[in-house]
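J.: Predicted model follows, preceded by the sequence.
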Amino acid sequence: MDAPAEDPLEREPDGLPDQQDQTDDDERGGRRGGAIPRGSLSRGFRLAQLPAAFAGRQAVGLGRRLGGRSQADVQASVQQATAEQVFKVLGQLKGGAMKVGQALSVLEAALPEEQAGPYRAALTKLQDAAPPMPAATVRAVMSAELGPGWRSMFMAFDEKPAAAASVGQVHRATWSDGRQVAVKVQYPGAGDALLGDLDQVGRLVRVAAGWIPGMEVGPIIAELRERVAEELDYRAEGANQQAFADAFADDDEVVVPAVVLATGRVLVSEWLDGVPLSKVIAEGTQEQRDLAARRYLEVLLLGPARAGLLHADPHPGNFRLTPDGRFGILDFGAVNRLPNGMPPAIGRLLGAALDGDSETVADGLREEGFIRERIQVDPDQLLDYLSPFVEPLRHEEFRFDRAWLQSLFKHVNDRERPEWTINLKVNLPPEYVLIHRVWFGGIGVMCQLGGVVPAVQVLSDFLPEFAEEELEDSEVS
């Protein structure tokens, strides 16, 4: 029997070689024992494949439509094949390319279902999984960081990784005192790869324009470029993690693993069992979804309030529900330092927006630098534009779901609405850039969870300025 004909939409377009045979640099990477390919030519070529392959599939798809296939069927095939390649390329490259994929994965809930479907599974894989490095490479990094006798520090060490991500992978082990620990080992060449990718990953923007209409990927990349250097030093990450662990040491609802040992490329911390939010998103009960979404929102506020730090890597692989019912937090390579907690203006302005006080909202945003001095903005039009963002606070309980986020995304990008011009007039002050990204990403995760949250109660409990606004309103009424 003849073999079935290969579907050209399921392979690379002509002229793009298989990734295993691309360049001498990749072969050298293999001889290095699994280190990340560091050559800019090799990594740039792989990233360049994404827009080239997408264009090739579109051309094949046009031929299919002329041959009688429906546009919907053809576009679905194009999107599915492209989604699989996005995961394959970004996952293999790790580094900055994979980190961009992770950032995009938490925002997929904003996309219309017909666009998001094919990409959801592929991008979600990037939240907590990547091809692992060989055991020999792990042993070499451990020896370099902890000395040739590093195994004596452990009663047991599993060379098979339990999780893998953009900068390093995690191994389960037993510390010398019997504690179960997680050992995070940085990929060789991760620094060069991470920084180099963020210079070249703009190529991905051309692909994203085809399957994420309206999404501004560029600012995400620019902001990541400023933060990635911190993630390469596990001593800094260890200090961040321990600050969180100390802040939540006696908490009955939130848990952060204590740090055992930290060097530049190895981080050992206590092991934390639990169900990752990525699994809750995929198959969790409504009770789990509600709990996870509420705790997630609380942690966004409690981190700055207690530790003076905002956890700045919001994708679901970094959070889990533990067997004892607590909310576990992992991965502190990226943080925003807020020693005085969240900016007080956030609570005040949210309260003013709920009150319909457009003048106070406009004046407050101008004072904070969101509206520059020379820019004229109609306060009522500004409030109309912002109104959908505060909708969750108009209800005792609110379901964060994809339908709401999609409507919000549509509102922001609806050029037919007169208030759309606010897009062109509002500035994002530097001190709010990371807060904005974390909150937007966090809302994306909450909408993936589909949890019902008493958002106004949470903000009243943990955002002091907002609580004061709510108290004043209740006294007046």
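T.: Nice, thanks for sending it over.
J.: all strands for the stretch 101-250 of the chain, in order.
T.: 154-157, 163-164, 168-175, 180-186 (DSSP state E, counting those that start in this stretch).
J.: Give the partner strands of the last one in its sheet and their orientations.
T.: Yep, that's strand 180-186 we're talking about. strand 168-175 (antiparallel), strand 266-270 (antiparallel) (DSSP bridges).
J.: ok, residues contacting it?
T.: Contacts to strand 180-186, defined as Cβ atoms under 8 Å, 6 or more residues apart in numbering, come from residues 138, 141-142, 154, 157, 162, 167-175, 232, 234, 257, 260, 264-272. The way it works is simple: take the backbone N, C-alpha and C, and place the C-beta from them, glycine included.
J.: From the residues you listed, keep the buried residues only.
T.: For these, a burial check counting by 16 or more other Cβ atoms under 10 Å picks out 138, 141-142, 154, 157, 167-173, 175, 232, 234, 257, 260, 265-272.
J.: Identify the residues contacting Arg417.
T.: His411.
J.: pLDDT-wise, which helix or strand of this protein ranks last?
T.: In the chain, the helix or strand scored least confidently by mean pLDDT, DSSP states H and E is helix 24-31, which has a mean of 37.
J.: what about stretch 406-423, how long is it end to end?
T.: End-to-end distance for stretch 406-423: 18 Å, by Cα to Cα, to the nearest Å.
J.: Let me know the next secondary structure element after the host helix or strand of Trp439.
T.: Per DSSP states H and E, Trp439 falls inside helix 433-449. Using DSSP H and E, the next helix or strand after helix 433-449 towards the C-terminus is strand 452-453.
J.: helices or strands next to that next one in the packing?
T.: With contacts taken as 3 or more Cβ pairs under 8 Å, 6 or more residues apart in numbering; DSSP states H and E, strand 452-453 sits against helix 286-302, strand 398-399.
J.: would you list those in JSON lines and tack on distance to Asp357, mean pLDDT and mean neighbour count?
T.: Listed next are the helices and strands packed on strand 452-453 as JSON lines, based on distance: least, Cβ to Cβ, whole Å; pLDDT from 0 to 100; neighbours: other Cβ atoms under 10 Å:
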{"stretch": "helix 286-302", "distance to Asp357": "23", "mean pLDDT": "95", "mean neighbour count": "21"}
{"stretch": "strand 398-399", "distance to Asp357": "21", "mean pLDDT": "97", "mean neighbour count": "18"}
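J.: what lines up beside the strand or helix carrying Gly328 in the sheet?
T.: Element membership for Gly328 (DSSP H and E) is strand 327-329. Sheet pairing for strand 327-329, assigned by DSSP bridges, gives strand 254-255 (parallel), strand 319-321 (antiparallel).
J.: before we move on, the earlier item: which stretch among the helices and strands packed on strand 452-453 comes nearest Arg374?
T.: helix 286-302 (33.1 Å; Cβ to Cβ).
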